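Asks: How does the following fold in three dimensions:
(chains A and B)
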Amino acid sequence: MSVLEFKHVYKTFPGMNGYALDDISLSIEQGEFVTILGSSGCGKTTLIKTINRLVEPDSGEITLFGEPVGEQDPVLLRRKIGYVIQQIGLFPHMTVAGNIATIPKILKWDKEKTAAETDRILTLMNLPPEEFRNRYPSQLSGGQQQRVGLARAMICDPKVMLLDEPFGAIDAINRDLLQNELKALSQGSEKTYLFVTHDIREAFKLGTKTIIMERGKILQYDTPLRITEDPADDFVRELLRTSGMTAEEAGKLSQGAK
Amino acid sequence: MLEKIVYYFQNRSGEFWRYAGQHIGVSLLALMIALIITVPLGILLYRYRIGRTIGERLFGFLRIVPSLAVLAFLIPLMGSGIRPALVALVILAMPPILINTIQAFLNLPADLIEGARGMGMSDAQIFFRVKLPLAFPQMFAGIRTAAVEIVASATIASYIGAGGLGVIIFSGLNLLRYDLLIIGGGAVAILSLATGFVLDQLLKYMTRYRRA
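Replies: Below you'll find the predicted structure:
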């Protein structure tokens, strides 16, 4: 079943030459982990922001579970979608538990349920609740902050997760760890993930499918293996060449981390 | 001298505490009025460049007008007593609160606010749960400045019959009684310092999340 569909979506920003999104049409199946790869300014962040309506397209239609997002109340729409940005996204004045309870509070969950779910999700993220629950973000490492960010986005069990370079500011070792954990978490899950990155290794490691974007256009949308075996055009070929990415390595990356 | 001061407290401490109470009362009232006017005004103005400019210029100008001049100007309009004194103190307190409120809201991290919106918080929720608490420390710095200035300047208000510790100082001046000058002046100084100290502690407590 197609969870998310873009039909001829265009977007321009004032003062910018060309399109941020240039005739985007695409369909994403349930349970897919789609990574969106491109250099900065290619439109990859804009693409995911049109899904939770932080950005409104100029024309075209986006449907989520068959319903056009443009016709839904943006605030209610966003509560159904998990959203993770770089670590700055945690509220510094709230504890870990307070941050995670942001959406439960809005949805008026009772205290026991919120506390129980907070502990459950912290455990899932490898953060022992009794140790981390009452800490403030300033008392966490970058990797721990991002785990809390993921926990906060996932506590209400959204069917779709949008992640905008969530591991961009994390050191290589922790990034690798977090990638493995996220991959394990997503495998066999019903959730659909959209994950923005500019790192081809991250894109191929996590993605069941990868979108390659440049200047607002989708150049290729396929499995990492197929992309390496059959690049759509010169840009993709060049991207693979400069990063030293081969079909063999792409295969290893997407198999390797369990 | 010391004997005279001790004598004053032994015999007229009731009077002293009445003046101190008046002083604190007038100061608190002036601060409340200034907060009620200025905080919403700052939150309203910060979004608009023109509002910011007008607000900051006007209140920047008010800031350099001496309270005594304001009082002199108000007496023919409002007579003497507590009302013109309150107006003068409120005018004194508004600039730092307004300017800091505007700056505090301008300096909010845009990514964080967008993140909050992206999670599905409504505008009101973003305002009360994210923007206001994050703007608070810088707003509070303005409130602290205003509070200390009010406590110090409420002394002058005694001159137009608003009561307060200034009464002791002005009696001391009129009677050339150094003991009264020291009692009045010292009390105002201690009250100002204590105000600053209490507000600093309050800020420390409320921003305890900053200390890692």
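Asks: Could you check how many residues crowd around the nearest residue to residue A:82 once chain neighbours are set aside?
Replies: Excluding the flanking residues, the one nearest residue A:82 by Cβ to Cβ, 6 or more residues apart in numbering or on different chains is residue A:153, at 3.6 Å. C-beta here means a position set from N, CA and C on the backbone, and glycine is covered the same way. Residue A:153 sits with 26 neighbouring residues when counted by other Cβ atoms under 10 Å in any protein chain shown.
Asks: these two touch, right, residue A:153 and residue A:84?
Replies: Yes: the pair formed by residue A:153 and residue A:84 meets the contact definition of Cβ atoms under 8 Å, at 4.8 Å.
Asks: what's the overlap in contacts for the two?
Replies: Shared contacts of residue A:153 and residue A:84 (Cβ atoms under 8 Å, 6 or more residues apart in numbering or on different chains): A:161, A:163.
Asks: and residue 206, what does it touch?
Replies: Because you didn't say which chain, this covers chain A. A:33, A:35, A:179, A:182-183, A:186, A:193, A:195, A:197.
Asks: not what I meant, chain B
Replies: B:136-137, B:140.
Asks: Report pLDDT for it.
Replies: At residue B:206, the model reports a pLDDT of 89.
Asks: What's the separation between it and residue A:109?
Replies: 27 Å (Cβ to Cβ, to the nearest Å).
Asks: again, but for residue A:66
Replies: Counting by Cβ to Cβ - residue A:66 and residue A:109 are separated by 27 Å.
Asks: where does the stretch 1-150 of chain A have low pLDDT?
Replies: Scanning the stretch 1-150 of chain A for pLDDT under 70 picks out the ranges A:87-88.
Asks: Likewise for chain B?
Replies: Using pLDDT under 70, chain B drops low at B:211-212.
Asks: tell me which parts of it are close to chain A?
Replies: Neighbours of chain A within chain B, by Cβ under 8 Å from any Cβ of the partner chain: B:109, B:111-112, B:114-122, B:125, B:129-130, B:133-134, B:207, B:209-212.
Asks: repeat that with 7 Å
Replies: B:109, B:111-112, B:114-115, B:117-122, B:125, B:130, B:133-134, B:209-210, B:212 (Cβ under 7 Å from any Cβ of the partner chain).
Asks: Now do residue B:154 against residue B:92, distance only.
Replies: 10 Å.
Asks: that older thread, just the pLDDT for the residue nearest to residue A:82.
Replies: 93.
Asks: didn't it look like it was pressed against residue A:83?
Replies: Yes: in this structure, residue A:153 is within contact of residue A:83 by Cβ atoms under 7 Å, at 5.8 Å.
Asks: ok so, going back, which among the residues of chain B next to chain A end up buried?
Replies: Buried members of the residues of chain B next to chain A, counted by 16 or more other Cβ atoms under 10 Å in any protein chain shown: B:112, B:114-115, B:117-122, B:125, B:130, B:133-134, B:209.
Asks: Between the residues you listed, which sits nearest residue B:25?
Replies: Nearest to residue B:25 among these is residue B:133, at 29.5 Å by Cβ to Cβ.
Asks: check which helix or strand covers the closest one.
Replies: According to DSSP states H and E, residue B:133 maps onto helix B:132-157.
Asks: Residues of chain A that sit close to chain B?
Replies: That would be A:52, A:54, A:75, A:78-79, A:83, A:85, A:88-89, A:91-93, A:102-103, A:106, A:136, A:138-139, which are the residues of chain A within reach of chain B (Cβ under 7 Å from any Cβ).
Asks: in what helix or strand does residue A:75 lie?
Replies: Counting by DSSP H and E, residue A:75 is found in helix A:74-79.
Asks: What is that helix packed up against?
Replies: Packed against helix A:74-79 by the contact rule (3 or more Cβ pairs under 7 Å, 6 or more residues apart in numbering or on different chains; DSSP states H and E) you find no helix or strand.
Asks: gap between it and the chain center?
Replies: Distance of helix A:74-79 from the chain centroid (Cα atoms, centre = their mean, to the nearest Å) equals 17 Å.
Asks: thinking again about what came up before, among the residues of chain A next to chain B, name the buried ones.
Replies: Applying 16+ other Cβ under 10 Å to these flags A:52, A:54, A:75, A:78-79, A:83, A:85, A:89, A:91-93, A:102-103, A:106, A:136 as buried.
Asks: list the buried ones in stretch A:153-166?
Replies: A:153-156, A:158-166.
Asks: Looking at these, which are in strands?
Replies: A:160-164 (DSSP state E).
Asks: Taking those residues together, which two end up most distant?
Replies: Spatial extent of these (Cβ to Cβ) is set by the pair A:160 and A:164 at 13.6 Å.
Asks: what ranges do the helices span in chain A?
Replies: A:44-51, A:74-79, A:96-100, A:102-106, A:111-124, A:129-132, A:142-154, A:172-186, A:200-206, A:224-229, A:234-242, A:247-256 (DSSP state H).
Asks: now chain B
Replies: Under DSSP H, chain B gives helices at B:2-45, B:49-64, B:67-78, B:82-106, B:110-119, B:123-126, B:132-157, B:166-175, B:178-206.
Asks: out of those helices, which comes closest to residue A:143?
Replies: That would be helix B:110-119 among these, by Cβ to Cβ, at 18.3 Å.
Asks: What helices and strands are in contact with the closest one?
Replies: Secondary elements touching helix B:110-119 (3+ Cβ pairs under 7 Å, 6+ apart): helix B:123-126.
Asks: 8 Å instead, please
Replies: Under the contact criterion of 3 or more Cβ pairs under 8 Å, 6 or more residues apart in numbering or on different chains; DSSP states H and E, helix B:110-119 touches helix A:74-79, strand A:81-84, helix A:102-106, helix B:123-126.
Asks: other SSEs contacting the third one?
Replies: For helix A:102-106, the elements it packs on are helix A:111-124, helix B:110-119, judged by 3+ Cβ pairs under 8 Å, 6+ apart.
Asks: Phi first, then psi, for the residue of chain B found nearest chain A.
Replies: Residue nearest to chain A within chain B: residue B:120 (3.4 Å; Cβ to the nearest Cβ). Backbone geometry at residue B:120, expressed as degrees, to the nearest 10, gives phi 100, psi 30.
Asks: Looks like it contacts residue A:76 (just checking).
Replies: Yes: using Cβ under 8 Å, residue B:120 is in contact with residue A:76, at 7.2 Å.
Asks: list the contacts for residue A:93?
Replies: By Cβ under 8 Å, 6+ apart, the residues touching residue A:93 are A:136, B:133-134, B:207, B:209.
Asks: Distance check, the residue of chain A positioned farthest from its centre against chain B.
Replies: Among the C-alpha atoms of chain A, the one most distant from their mean position (Cα atoms, centre = their mean) is that of residue A:112, at 29.3 Å. In this view, residue A:112 and chain B are 22 Å apart by Cβ to the nearest Cβ, to the nearest Å.
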